[in-house]
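[1] sequence? don't have it. structure:
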Ligand code: ADP
């Protein structure tokens, strides 16, 4: 059943739901109406019976032989009652029938009621013959001082007919109402789900070549509209990632081609005119230089690819920042000394961070390398830490030529270099900051740059305090 249900279309399921819900509501409503009306009609009959009793009792009298007699006196209401064919019996306390006044001949009634059993007020419904139901009230009364039991009758046929009509109307109306609900439900569902069909058709047409297409969105404020909006936003993000990927591939191919072209050109020239050993040596030297550049580029690309490919969280370990900065200073000391630069570390020895050491180191190495590369001779490059309420901040400052504000975001994009020609001669391929940014973001932090032309640059790494960081007395 469940399988069958799930295989039906949403339209059909909604239509069936509507029909079922309507049927249930109608049944409950009809039952309620039936109960209320039946109760009201029964109460009305009982009220009439009491009135009948009140009318009959004072009109009864005893004749000279002691027989009970019914005299219609002309007071208000009596004639009406007599016209309505009064229907009653008078019984003695000894259960002898004293008077019977029936609107139908007695012989027509098959099941004449037995004498009353108790002498108290009681109501009952009895079937005198097939289909003839009457409501009976028995009540003790007095006829000129003599105690009697008066039994009054009221025909229930009218009431029963009314109730039967309610049932008939309901039974006839049910299928109609359910069918209307089902058809209405189906039409409403078809109309409401029409945008979904349109969306499905359009979604089928979207491929990697047509990521700029969007789903139709007729009403952005309803549920389907919101779904289309979310889907379209996803498409926008996908499109952006896709074009970024395409740009990256194009840039990477371009960057790989340049050294390869240079290698080939130098090799061809050497082959053609290379009889001089000194010249050949020089050619091999420059070929090795290009090969090294290629290796660096491929290494950087691999690092980026690995960072993007491994989705698992960066591993967290306690990292003593001061120690790490000193380690990096030692690594770059020779390079800085070649340019007459000094590398200074200012850091509190007690600051320990819960983060991925390899990623943090990778980011710092790139930042320090850039600072040295882009700073003039005899200048100073500083590495410092500062504790902030939100976390720890590690800054790498130089007094180089600085970066114009319009490039502050772009420098973190792969292969972007402010001055391509100059950077290339200096060996950069434009991947260092992209790698640093990704490494820090994977550790839950961020990198920002503060710089202006000819003012030097400060690159700040902010690592959040709460999740990854902890300051403890030099335990590491
Ligand atoms: P590259 O390999 O060229 O250094 P990066 O991604 O590390 O690539 O840097 C991108 C660009 O940002 C560099 O080409 C350079 O123009 C600029 N840049 C990065 N760091 C500095 C700095 N400390 N001072 C001035 N410019 C910088």
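    That came through fine. Please read all numbers here as calculations on a predicted model, not as lab measurements.

[2] wasn't residue 433 part of a strand?
    No. Counting by DSSP: H, G, I helix; E, B strand; the rest coil, residue 433 is not part of a strand but helix.

[3] okay but it is in contact with residue 370, surely?
    Yes. Residue 433 is within contact range of residue 370, at 7.1 Å (criterion: C-beta atoms under 8 Å). Every residue, glycine included, has its C-beta placed from N, CA and C.

[4] low pLDDT regions in the protein?
    73-85, 105-108, 110, 310-314, 420-427, 465-476 (pLDDT under 70).

[5] do that again at 80, thanks
    Counting by pLDDT under 80, the chain shows low-confidence ranges at 1-2, 71-86, 103-112, 129-131, 274, 308-316, 349-350, 390, 419-428, 465-476.

[6] can you map out the helices along the chain?
    Ranges of helices in the chain, per DSSP state H, are 2-7, 10-59, 78-83, 157-205, 223-273, 277-309, 321-338, 357-373, 420-426, 432-442, 465-468.

[7] wait, which of those is closest to the ligand?
    For the ligand, the closest of the helices of the chain is helix 432-442, at 2.6 Å, according to C-beta to the nearest ligand atom.

[8] packing partners for that closest one?
    helix 277-309, helix 357-373, strand 446-451, strand 457-464 (3 or more C-beta pairs under 8 Å, 6 or more residues apart in numbering; DSSP states H and E).

[9] what does this protein put close to the ligand?
    Residues of the chain lying close to the ligand (C-beta under 6 Å from any ligand atom) are 366, 370-371, 374, 398, 400-403, 411, 416-419, 423, 428-434, 457.

[10] please tell me how far the longest strand along the chain is from the chain's geometric centre.
    In the chain, taking DSSP state E as the definition, the longest strand is strand 132-143. In terms of C-alpha atoms, centre = their mean, to the nearest Å, the centre of strand 132-143 is found 67 Å from the chain centre.

[11] ok, and for that strand, which residues are buried?
    By neighbour count with 16 or more other C-beta atoms under 10 Å, strand 132-143 contains the buried residues 132, 134-139, 141, 143.

[12] ok, now stretch 438-452?
    So, applying 16+ other C-beta under 10 Å, buried residues of stretch 438-452: 438-440, 442-445, 447, 449-451.

[13] now, which of the buried residues of strand 132-143 sits nearest residue 31?
    For the buried residues of strand 132-143, the closest approach to residue 31 (C-beta to C-beta) belongs to residue 135, at 22.7 Å.

[14] verify the stated contact: the closest one with residue 122.
    No. With contact defined as C-beta under 8 Å, residue 135 does not count as touching residue 122 (11.4 Å).

[15] show the buried residues in the residues of the chain next to the ligand.
    For the residues of the chain next to the ligand, buried by 16+ other C-beta under 10 Å: 366, 370-371, 374, 398, 400-403, 411, 416-418, 423, 428-434, 457.

[16] isn't residue 291 right next to residue 263, touching?
    Yes. Using C-beta under 8 Å, residue 291 makes contact with residue 263 at a distance of 7.0 Å.

[17] higher neighbour count, the two?
    residue 263 (18 against 13; other C-beta atoms under 10 Å).

[18] against residue 415, how distant is the residue nearest to that one when sequence neighbours are not counted?
    Distance criterion C-beta to C-beta, 6 or more residues apart in numbering; nearest residue to residue 263, sequence neighbours excluded, is residue 290 at 4.8 Å. Separation of residue 290 from residue 415 (C-beta to C-beta, to the nearest Å) stands at 18 Å.

[19] could you export the helices of the chain as JSON lines, including distance to residue 97?
    Listed next are the helices of the chain as JSON lines, based on distance: least, C-beta to C-beta, whole Å:
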{"stretch": "helix 2-7", "distance to residue 97": "67"}
{"stretch": "helix 10-59", "distance to residue 97": "15"}
{"stretch": "helix 78-83", "distance to residue 97": "21"}
{"stretch": "helix 157-205", "distance to residue 97": "25"}
{"stretch": "helix 223-273", "distance to residue 97": "77"}
{"stretch": "helix 277-309", "distance to residue 97": "107"}
{"stretch": "helix 321-338", "distance to residue 97": "116"}
{"stretch": "helix 357-373", "distance to residue 97": "111"}
{"stretch": "helix 420-426", "distance to residue 97": "126"}
{"stretch": "helix 432-442", "distance to residue 97": "106"}
{"stretch": "helix 465-468", "distance to residue 97": "100"}
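
[20] relative to residue 387, which of these is closest?
    helix 465-468 (8.2 Å).

[21] ok, how many other residues are close to the residue nearest to residue 263?
    Using other C-beta under 10 Å, the number of residues around residue 290 comes to 19.

[22] now do the contacts for it.
    Residues near residue 290 by C-beta atoms under 8 Å, 6 or more residues apart in numbering: 259-260, 262-263, 266.

[23] could you flag which of the residues you listed are buried?
    259, 262-263, 266.

[24] just flag the most distant two among the residues you listed.
    259 and 266 (10.3 Å).

[25] ok, residue 169 - how many residues close by?
    11.

[26] I meant residue 280, not that one.
    13.

[27] list the contacts for it?
    270, 274.

[28] and the gap between it and residue 292?
    19 Å.

[29] look up how far the ligand lies from residue 355.
    For residue 355, the distance to the ligand (C-beta to the nearest ligand atom, to the nearest Å) stands at 21 Å.

[30] right, and that residue touches residue 463 too?
    Yes. Counting by C-beta under 8 Å, residue 355 touches residue 463, with 6.0 Å between them.

[31] ok so, going back, which one of the buried ones among the contacts of residue 290 sits closest to residue 305?
    Nearest to residue 305 among the buried ones among the contacts of residue 290, with distances taken as C-beta to C-beta, is residue 259, at 18.9 Å.
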